[in-house]
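In: Next one to model:
(chains A, B, C and D)
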There are 2 protein chains.
Amino acid sequence: MTKIPEIADVAAALQLSIGLCIRRIRQPLAEGELSLPEASVLKRLEFGGPTTVTELAKADQITVQSMGTTLSALESRGLVERHPHPSDGRRSVLSITKTGLRALENKHNSRSQQVANALSEGFSPSELQQLMVAAPLIERLAQSL
Amino acid sequence: MTKIPEIADVAAALQLSIGLCIRRIRQPLAEGELSLPEASVLKRLEFGGPTTVTELAKADQITVQSMGTTLSALESRGLVERHPHPSDGRRSVLSITKTGLRALENKHNSRSQQVANALSEGFSPSELQQLMVAAPLIERLAQSL
DNA sequence: TATTGTTATACTCTATAACTATA
DNA sequence: TATAGTTATAGAGTATAACAATA
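Out: Numbers count the residues shown, from 1 in each chain, chains lettered A, B, ... in the order given. I've put the predicted structure just below:
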């Protein structure tokens, strides 16, 4: 019989694990690597097509200004391009460049890929299953903070 | 039959959920609240008793210098105290103060408590169980990054 | 020499505030 | 007025480098 866990125990366990994740993932990247927010933006542009700063900010639940910072960094490295919106002069339309697509393909240049590599090397299928189940729960937790 | 999840799917799901957690938890705290690293230090001092900067840094897997920053902030708010080590003049011994203990007790003044509150309000026992199973896996993932 | 700790500096990712330009 | 975006500034949490004091 599986015992119902105490809230405090779950909270403590998650804080420990997620806290460590935060610290690890946040560590400085080597030259040219993609940070988590950068990879997130590039993936959205790859799969969702060209869009605006405001839409990208909404998708990642950060402010427009913060998204602007990330986009400027990506633009200066030639990974995204800014074009004027055809009908609305206020907007800019962002799209991923060929260089950006190549950056995403590289298996070692992003935290995303490092996560994937770590998973494939150190976890069993049933553990992957358990992580898959937990992911949406963690997202819901984040949403409610 | 539960399907074995694709590595890429697990990686993407975890990035989304943990990434959002990172952004949420990192948001500025209200005056006097405890940040995640601050609460972590206070809890260690509460349960593990007085110890040194180096030990605390090891426990949270950050550099001594970074831990020093956190401790200085806590000290200036009167939540921890620094005392000379009895036999080794190089070391300082940190301990939690009564004010620090009171800060930990307050149910609303830390990210930790916010996590606990969110869990108790929005998750079923079986979901808590699933999170409990995932926590050590996430920690192992973080360790291997 | 090795260990403990501090100070100085910088980086990433985020925020708020104030602004310009367009609708 | 409202919306889209930029620029300026600040803050949290980390890092590395260089140093002083003690073992």
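
In: How about the residues of chain A by DNA strand C?
Out: Chain A has residues A:26, A:28-29, A:35-38, A:60, A:62-63, A:65-66, A:69-70, A:73, A:87-90 near DNA strand C, with proximity defined as C-beta under 7 Å from any atom of the strand. Bear in mind the C-beta positions are built from the backbone N, C-alpha and C, glycine included.

In: These, buried ones only, as a PyMOL selection?
Out: Of the residues of chain A next to DNA strand C, the buried ones go into a single PyMOL selection, burial set by 16 or more other C-beta atoms under 10 Å in any protein chain shown:
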select buried, chain A and resi 29+35+36+37+38+60+62+70
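
In: So which of the residues of chain A next to DNA strand C sit within helices?
Out: Within the residues of chain A next to DNA strand C, membership in helices is found for A:36-38, A:60, A:65-66, A:69-70, A:73, as judged by DSSP state H.

In: Of the residues you listed, just say which sits nearest to A:Arg111.
Out: Checking these against A:Arg111 by C-beta to C-beta gives A:Leu36 as the nearest, at 4.9 Å.

In: Chain neighbours aside, what residue packs nearest to the closest one?
Out: In this structure, A:Leu36 finds its nearest non-sequential neighbour in A:Arg111, 4.9 Å apart by C-beta to C-beta, 6 or more residues apart in numbering or on different chains.

In: who's in contact with the one you found?
Out: Contact criterion C-beta atoms under 8 Å, 6 or more residues apart in numbering or on different chains gives A:25, A:29, A:33-36, A:39, B:15, B:145 as the residues in contact with A:Arg111.

In: element containing the residue positioned nearest the centre of chain A?
Out: Compute the mean C-alpha point of chain A, and by C-alpha atoms, centre = their mean the closest residue is A:Ser40, 3.7 Å away. Secondary structure assignment for A:Ser40, by DSSP states H and E: helix A:36-48.

In: which outside residues touch that helix?
Out: Residues lying outside helix A:36-48 but in contact with it, judged by C-beta under 8 Å, 6+ apart, are A:25, A:34, A:51, A:56, A:59-60, A:62, A:67, A:70-71, A:73-74, A:79-80, A:94-96, A:100-101, A:103-104, A:110-112, B:15, B:19, B:22.

In: can you do 6 Å?
Out: Around helix A:36-48, the neighbours that count as contacts under C-beta atoms under 6 Å, 6 or more residues apart in numbering or on different chains are A:25, A:56, A:59-60, A:70, A:74, A:96, A:100, A:104, A:110-112, B:19.

In: Provide a ChimeraX selection command restricted to the buried entries of those residues.
Out: Here is the ChimeraX selection string for the buried members of those, based on 16+ other C-beta under 10 Å:
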select /A:25,56,60,70,74,96,100,104,110,111,112 /B:19
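
In: and the two most separated of the contacts of helix A:36-48?
Out: The two members of these with the most space between them (C-beta to C-beta) are A:Ile25 and A:Ile96, at 22.2 Å.

In: related to what we said a few turns ago, report the entries of the contacts of A:Arg111 that also contact DNA strand D.
Out: With C-beta under 7 Å from any atom of the strand as the criterion, no member of the contacts of A:Arg111 is in contact with DNA strand D.

In: do you know how far A:Ala30 is from B:Ser95?
Out: When C-beta to C-beta, to the nearest Å is the yardstick, A:Ala30 and B:Ser95 sit 39 Å from each other.

In: neighbour count winner among those two?
Out: Ranked by neighbour count (other C-beta atoms under 10 Å in any protein chain shown), A:Ala30 and B:Ser95 place B:Ser95 first, with 14 against 7.

In: need the contact list for the nearest residue to A:Leu56 once chain neighbours are set aside.
Out: If the residues on either side of it in the chain are set aside, A:Leu56 comes closest to A:Met67, at 5.2 Å by C-beta to C-beta, 6+ apart. For A:Met67, the contacting residues are A:53, A:56-57, taking C-beta under 6 Å, 6+ apart as the criterion.
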